[in-house]
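**Q** Below: sequence and its predicted model.
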Amino acid sequence: MKSILDARKVARRARFANLASLSGLLTLLAATLLPYFIAGSQLIASLLMVIGLFTAMIGIYFANRWVRKPRPEAVLDSELKSLSNSYRLYHYAHKAADHLLLTPFGVTVLETVNLEGRFLYKNGRWKELMRLGRALRYIVEEHLGDPIKAALSSQAYLRREFSQKIEGGEAIPLSAVVVFTHPRCVLEVEETPIPVVKAEHLKRVIPQKGTRLSEALYQRLQAFLEAR
């Protein structure tokens, strides 16, 4: 399996996270020290305190998304590395989805959830059972949302785009999988419309047999994805 990563996008967002975190902390420090040096500056100090706290929280949120390890792309690469080179995994290369897997049989959307905790899906609804640590970090971490809905939305978007921009694109099979990549997540799901798995079980639900794409269509699809 070959992995293609938009490293510049990851680096830019990691730099933004670090810059926002540092700027927020420096602003908080300035807000704390200002009244000692300038009399009557309590109002300005209070305003700086709010700005600093907000900026630092944004930085921490982005750091959790783009800096903290394990990174979703690293986990996916590790779990799929044994696939042949006709499988190509694109990270952050398309606005429709962060992770797209080109296979000899079509394209699979990989919707990742990189959160620690216990997650349940039953009767069409998600539920997250939080521990204290996760609850305290909730405001500065990504939220679960509905990853199945997000994956299906990405799949529908790609279906339209392939049909419009790739010759023969309407014939490209598309599938979607929700992948929980954090090593300390507990997953309990019932009757999901698409596969929902922990990372170590991902390979089981990746297409590895069936009707193959024609070589010409595979090459057009690969060129379209890599142009992004």
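**A** Noted; the coordinates are in hand.
**Q** Can you find the helix or strand of the protein with the lowest average pLDDT?
**A** Least confident helix or strand of the chain, by mean pLDDT, DSSP states H and E, is helix 132-137 with a mean of 62.
**Q** quick one: buried residues of the helix or strand just after that one?
**A** Once the chain leaves helix 132-137, the next helix or strand it forms, by DSSP states H and E, is helix 147-165. For helix 147-165, the neighbour count (16 or more other CB atoms under 10 Å) marks 147-148, 150-155, 157-159, 162 as buried. The C-beta positions use only the backbone N, C-alpha and C, and glycine is treated the same way.
**Q** Can you get me the centre-to-centre distance for helix 147-165 and its chain?
**A** Helix 147-165 sits 16 Å away from the centroid of its parent chain (CA atoms, centre = their mean, to the nearest Å).
**Q** ok, the closest residue to E200 other than its chain neighbours - how many residues close by?
**A** Leaving aside its sequence neighbours, E200 sits nearest to E79 (CB to CB, 6 or more residues apart in numbering; 6.5 Å). Number of residues near E79 (other CB atoms under 10 Å) recorded here: 20.
**Q** So what does E79 have for phi and psi?
**A** Dihedral angles of E79 (phi, psi; degrees, to the nearest 10) stand at phi -70, psi -30.
**Q** Got the confidence number for it?
**A** We have a pLDDT of 95 for E79.
**Q** what stretches of the protein score poorly on pLDDT?
**A** Scanning the chain for pLDDT under 70 picks out 131-140, 228.
**Q** Which parts of it belong to which domain?
**A** Domain segmentation of the chain under automatic domain parsing yields 2-66, 72-227.
**Q** Just the C-alpha atoms of the helix or strand containing I4, please, in CSV.
**A** Remark: I4 resides in strand 2-5, with elements defined by DSSP H and E. Taking Å, rounded to 0.1, in the frame of the first residue of the first chain, the C-alpha atoms of strand 2-5 are listed here in CSV:
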residue,chain,number,x,y,z
LYS,A,2,1.3,3.4,-0.9
SER,A,3,0.5,6.4,1.3
ILE,A,4,0.2,10.0,0.0
LEU,A,5,0.2,12.7,2.6
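**Q** In the helix or strand following that strand, which residues are buried?
**A** Heading C-terminal from strand 2-5, the first helix or strand you meet, by DSSP H and E, is helix 7-37. Within helix 7-37, the residues scored as buried using 16+ other CB under 10 Å are 10, 13-14, 17, 20-21, 23-24, 27-28, 30-31, 34.
**Q** Out of the residues you listed, flag the one nearest to L100.
**A** L100 lies nearest to V10 out of the buried residues of helix 7-37, by CB to CB, at 15.7 Å.
**Q** burial count for the nearest residue to I38 once chain neighbours are set aside?
**A** Distances taken as CB to CB, 6+ apart place I44 nearest to I38, at 8.0 Å, with adjacent residues excluded. Residue neighbour count, defined by other CB under 10 Å, stands at 14 for I44.
**Q** check which helix or strand covers I44.
**A** helix 42-66.
**Q** I'd like to know how far the residue located most distally from the centre of the chain sits from S153.
**A** Ranked by distance from the centre of the chain (CA atoms, centre = their mean), the top residue is A39, with 47.3 Å. To S153, A39 is 56 Å away according to CB to CB, to the nearest Å.
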